[in-house]
Structures are given as structure tokens and as C-alpha cells.
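K.L.:
need a 3D model of the following:
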Amino acid sequence: MTDAPPPGRVALTARAKLNLYLHLLGQRADGYHELDSLVAFASYGDRLSVAPADRLTLHIEGPFAEALEAQGDNLVLKAARLLRERFAIARGAEIRLEKRLPVEAGLGGGSADAAAALVGLARLWGIPAGPENLLPLAPELGADVAVCLAGKPAFMGGIGERLEPCPAVPEVGVILANPRIPLPTAAVFAAREGAFSKPARWAPPVRDAEELIALLQQRRNDLTRPALALVPEIGAVLAALGETPGVRLARMSGSGASCFGLTLTAAEAERGAAELRAARPGWWVVASRLERGAALPDAGKLG
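P.N.:
So this is what the prediction gives:
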């Protein structure tokens, strides 16, 4: 898949979602957990494109295509069918997904793919792609789809459906690493035990990468312990990131097993990722940077 699509084709990047911190505040009667999290997006992600067609089809390629296809029907087709039904669209579309993010990895890849499909198909089918049209579809697709539609840093509350703007995230380099072990979110939440945390949001603007990292060091990911109990290799990933030159903070994202290391610059992330890939050739390791606020095209603003 190329970055310059042919005429009539709409192409987007479904960026990896990172929980820079994740506090669990309590558990509801229905079993879901209330959370407080700062979500940001890496520049790296899956690539999705849509083109006019008579039927609705999905072709998956890329390094993690096989793992995604093994799951059967996925969120991209579910999002496409939901949008077509909601707006009574008779046309189809050829959807192509280059799966570059690992599956069941704590990076919100499925939700990001679904959000990109909604935006891309809305543009293809002439549906205004603002929040008033697309955000109401998000709860039917998953808790993370709303923030992926916004596509920019936000504080996330509730079970993921409540979004609030956050102070601007400065430019920060990031190394993404995964031991190539899938980890279902439900299993991690089921393994969680112990006391709950308090909200940890801040209001003043963050001046630079060093200040952001200092704030994050005072926070944590409450799902790390149960994830480690299920996939001990996460501990090796966190340790290796912490020992990588340039990394100022190493943390697990979401429910794992992916982890990230923050650096002050994108150049440091590139050097660190190259070193980590050489040391751990069996892991998935990429260098990226945090997006400061770029949203999916026409995705609108946070409410």
C-alpha cells in the first residue's frame, strides 16, 4: 500500500493508541472498570484505504495480517456495515488494511482501524464526517473507538467513552516494543485485584518533554501487575526499554503486552529502537513519535 493513493481512493493511518498512564478508579455493578487515563497517539500505525466498489470487501495484508484474519470478522467490517446501515448507503467499497500493529497488543489497533474505516468510508460515500455523525456509532464498536476518532491526546474517563481535552502534549520520541505474545484485554482485567487508584489529571500546560515525563513518572499503569502475571515476558520488555540509551520512561500501554519508552527526541527513539532490535530480534520494535494533536481527517473536535 502506498502513501499516495490512486484517484478515488481515500487513505488514512490508524495510529497506535498509547495510555501514557492508566489508573483504575473502581468497578461498576456491570463488571466494567471506571478509569482515568491520558491517551496519546504515535505517528506509527496501520494503513487503511477505501475505494469505490459495487460490493463491500476487505483485503488484509502486512506483517500481522495472518493474526488478524485468524480472528474472523473484525471491527473494520463491522464499522463499515454499521455506517452503511445507519445512513442507508447502497454502494459498496473496497477496503484495504495493511496490518502493521500487533494484534491484542494494548495499542488500540482494532479500534483505530475501525475509526479510520468510519472516516474513510464517510468521505468516500459523501457523509459529513463530523462528530455528530460518527461519534454516536463508537459505543457499538468499542470503548476506544471514540478517542481514536478524535485522534489527538485526551483524558479518558468512564469505561473509555468520556473524553476531555488535555494540555498539549509536547514533541516526544517513542519506542514501541512487543514480545509477539497476544494478550486479551478481558483476561488482564479479570486478573486485577487489590485497591483502586485516584484520578491523576493535571490542568497547567506542559512546557516540554522533560516536564511531561516527570509528570508521568508520578503515575502508573494499574494493569501492569495482572498483565505480568499472565505474560511474564512483559517484564523483560520493560527492563530492556529502561536500559536503552535515551529512554527516560518505560511503561506498558493499555492491557499489554506492548510497552513504550519515551525519549526527548525522535532521533533518540530511532537510535534506541535500532539497538533494541539488534539485541532482541524476536521482538516487534519500531521507533515513532507522539502526535501533538493531529486528528483523522474530518474527525472533528472533542466535545
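
K.L.:
buried ones in stretch 272-285, by neighbour count?
P.N.:
Gly272, Ala273, Glu275, Leu276, Arg277, Trp283, Trp284, Val285 (16 or more other CB atoms under 10 Å). Heads up, the C-betas are built off the backbone N, CA and C, glycines and all.

K.L.:
partners of the nearest residue to Thr263 once chain neighbours are set aside in the sheet?
P.N.:
Excluding the flanking residues, the one nearest Thr263 by CB to CB, 6 or more residues apart in numbering is Gly173, at 3.8 Å. When bridges are called by DSSP bridges, Gly173 pairs up with Thr263, Arg289.

K.L.:
what score does Gly173 have for pLDDT?
P.N.:
In this prediction, Gly173 carries a pLDDT score of 98.

K.L.:
neighbours of it, how many?
P.N.:
For Gly173, the neighbour count with other CB atoms under 10 Å is 25.

K.L.:
check Ala191 too.
P.N.:
Count around Ala191 with other CB under 10 Å applied: 15.

K.L.:
ok, it touching Val231?
P.N.:
No: counting by CB atoms under 8 Å, Ala191 stays clear of Val231, with 10.6 Å between them.

K.L.:
distance of Leu107 from Lys99?
P.N.:
According to CB to CB, to the nearest Å, Leu107 and Lys99 sit 12 Å apart.

K.L.:
who has more neighbours out of the two?
P.N.:
Leu107 (30 against 25).

K.L.:
so who does the nearest residue to the more buried one once chain neighbours are set aside touch?
P.N.:
In space, and not counting its chain neighbours, Leu107 is closest to Ala16: 4.3 Å by CB to CB, 6+ apart. For Ala16, the contacting residues are Phe41, Ala42, Tyr44, Gly45, Leu101, Leu107, Gly108, Gly109, Ala112, Leu176, Ser288, by CB atoms under 8 Å, 6 or more residues apart in numbering.

K.L.:
hang on, the earlier thing: quick one, what contacts the residue nearest to Thr263?
P.N.:
246, 262-270, 287-289.

K.L.:
redo that, cut-off 6 Å
P.N.:
Neighbour list for Gly173: Thr263, Thr265, Ala266, Glu268, Ala269, Arg289 [criterion: CB atoms under 6 Å, 6 or more residues apart in numbering].

K.L.:
tell me which helix or strand the nearest residue to Gly158 once chain neighbours are set aside sits in.
P.N.:
Among residues not flanking Gly158 along the chain, Glu34 sits closest, at 6.4 Å (CB to CB, 6+ apart). Here Glu34 sits within strand 33-53, counting by DSSP states H and E.

K.L.:
also Glu104?
P.N.:
Glu104 belongs to no helix or strand, assigned by DSSP H and E.
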